[in-house]
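Peer 1: Curious how this folds, go ahead:
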Amino acid sequence: MSDQRTALVLGGGGITGIAWEIGVLAGLAEAGVDLTGADLVVGTSAGSVVGAQVTSGAPLEEMYARQLEPPAQEKVARMTRGNLARYGWAMLISRGRDVEFRRRIGALALAAEKAGLTPSEQERLEVIGSRLVGRDWPERDLTITAVDAATGEFRTFDRGSGVPLLQAVAASCAVPGVYPPVTIDGRRYVDGGMRSAANADLAHGYDRLVVLAPIPRGVGPLASVDAQVSGMLARVAVVAPDQASRTAIGRNVLDPAAREPAARAGRAQAARVVSRVSEVWAG
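Peer 2: Numbering: from 1, shown residues only. Below is the predicted model of the structure:
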């Protein structure tokens, strides 16, 4: 097993995605399968928050306990019908050209910010900062994804990129039209989930791979998790919310009030998937 390289991919899925992933990780660890020691952690959007925490040494039980706290004065955001319509239009006229789609979505994000439809960038950085253990990159291999709002180029950030961890995570979480793009080295970046909700293909070459995917399906130019892991030589386990978890998550993944039930559902689901995950991780 010592020469088997392991990767943990944490996909996007909003506030409830963070909670559900932490619940699954805590439940699996309690059952004897600790994924947080993976040789590589890939985080996209919600997964970037979770990835930054676990690679920085945050205890899973403390992370889980935080998800159960009342939302207090946290603001509820949502993906509006208008935004969804604009996403659909961008997909339609991009005709499957992924970079073109991402460029159009980036333009949407910049326009929403200019129109005052999103919080300020500084306000958003403060929110993301409150979710992190610290501001320094961990010594572990952590890859965080984002998209250049102007060009549609897919970017990854890590310890050697020279990009501050806070900005990298905030960029990966910058849902276009809901949150503002994040400035990094003079460029603006949006959610890495605009390429794929999980970007599981970044773990190519690893021997054992577990993907926690709050949103496993793809649509249009957004690749599904299954499409990205098919053909990999690795042993792979993909865990997506089951019916009970989907019910707990609800319709608005950006609602802080759904965080606690999503975390509890994730922890309960871990017991139902532990044997499958263990077979891949340690079998």
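Peer 1: what's downstream of the lengthiest strand in the chain, the next helix or strand?
Peer 2: Taking DSSP state E as the criterion, the chain has its longest strand at strand 141-148. Downstream of strand 141-148, the next assigned helix or strand under DSSP states H and E is strand 154-157.
Peer 1: now the strands: where do they sit in the protein?
Peer 2: 6-10, 40-43, 141-148, 154-157, 182-184, 187-191, 208-212, 235-239.
Peer 1: Any buried residues in the helix or strand bottoming out on mean pLDDT in the chain, and which?
Peer 2: Every helix and strand of the chain was ranked by mean pLDDT, DSSP states H and E. The lowest is helix 81-94, at a mean of 83. Residues of helix 81-94 classed as buried by neighbour count (16 or more other CB atoms under 10 Å): 83, 86-87, 90-91, 94. Any C-beta I mention is one placed from the backbone N, CA and C, and that applies to glycine too.
Peer 1: Tell me who's in contact with residue 27.
Peer 2: By CB atoms under 8 Å, 6 or more residues apart in numbering, the residues touching residue 27 are 266-271, 274.
Peer 1: could I get the strands of the chain as TSV with mean neighbour count, mean pLDDT and distance to residue 61?
Peer 2: Output for the strands of the chain, formatted as TSV (neighbours: other CB atoms under 10 Å; pLDDT from 0 to 100; distance: least, CB to CB, whole Å):
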stretch	mean neighbour count	mean pLDDT	distance to residue 61
strand 6-10	28	98	18
strand 40-43	28	98	19
strand 141-148	26	98	21
strand 154-157	20	98	28
strand 182-184	20	98	30
strand 187-191	25	98	29
strand 208-212	27	97	18
strand 235-239	21	96	20
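Peer 1: will you turn those strands into JSON lines that also has distance to residue 283?
Peer 2: What follows is the strands of the chain, written out as JSON lines (distance: least, CB to CB, whole Å):
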{"stretch": "strand 6-10", "distance to residue 283": "12"}
{"stretch": "strand 40-43", "distance to residue 283": "19"}
{"stretch": "strand 141-148", "distance to residue 283": "23"}
{"stretch": "strand 154-157", "distance to residue 283": "29"}
{"stretch": "strand 182-184", "distance to residue 283": "40"}
{"stretch": "strand 187-191", "distance to residue 283": "34"}
{"stretch": "strand 208-212", "distance to residue 283": "9"}
{"stretch": "strand 235-239", "distance to residue 283": "8"}
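Peer 1: re earlier: nearest to residue 159 among the contacts of residue 27?
Peer 2: Residue 159 lies nearest to residue 266 out of the contacts of residue 27, by CB to CB, at 27.8 Å.
Peer 1: what residues are up against the residue nearest to that closest one when sequence neighbours are not counted?
Peer 2: Nearest non-adjacent residue to residue 266, counting by CB to CB, 6 or more residues apart in numbering: residue 23, 2.6 Å away. Contact partners of residue 23, counting by CB under 8 Å, 6+ apart, are 64, 67, 262-270.
Peer 1: repeat that with 7 Å
Peer 2: 64, 67, 262-267 (CB atoms under 7 Å, 6 or more residues apart in numbering).
Peer 1: Using CSV, write out every CA atom in stretch 276-283.
Peer 2: Output of stretch 276-283 as CSV, limited to C-alpha atoms (Å, rounded to 0.1, in the frame of the first residue of the first chain):
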residue,chain,number,x,y,z
ARG,A,276,-17.4,0.7,-0.9
VAL,A,277,-15.1,3.5,0.0
SER,A,278,-12.9,1.3,2.2
GLU,A,279,-12.5,-1.2,-0.6
VAL,A,280,-11.0,1.5,-2.8
TRP,A,281,-9.0,3.4,-0.2
ALA,A,282,-7.5,0.5,1.8
GLY,A,283,-8.6,-2.7,0.1
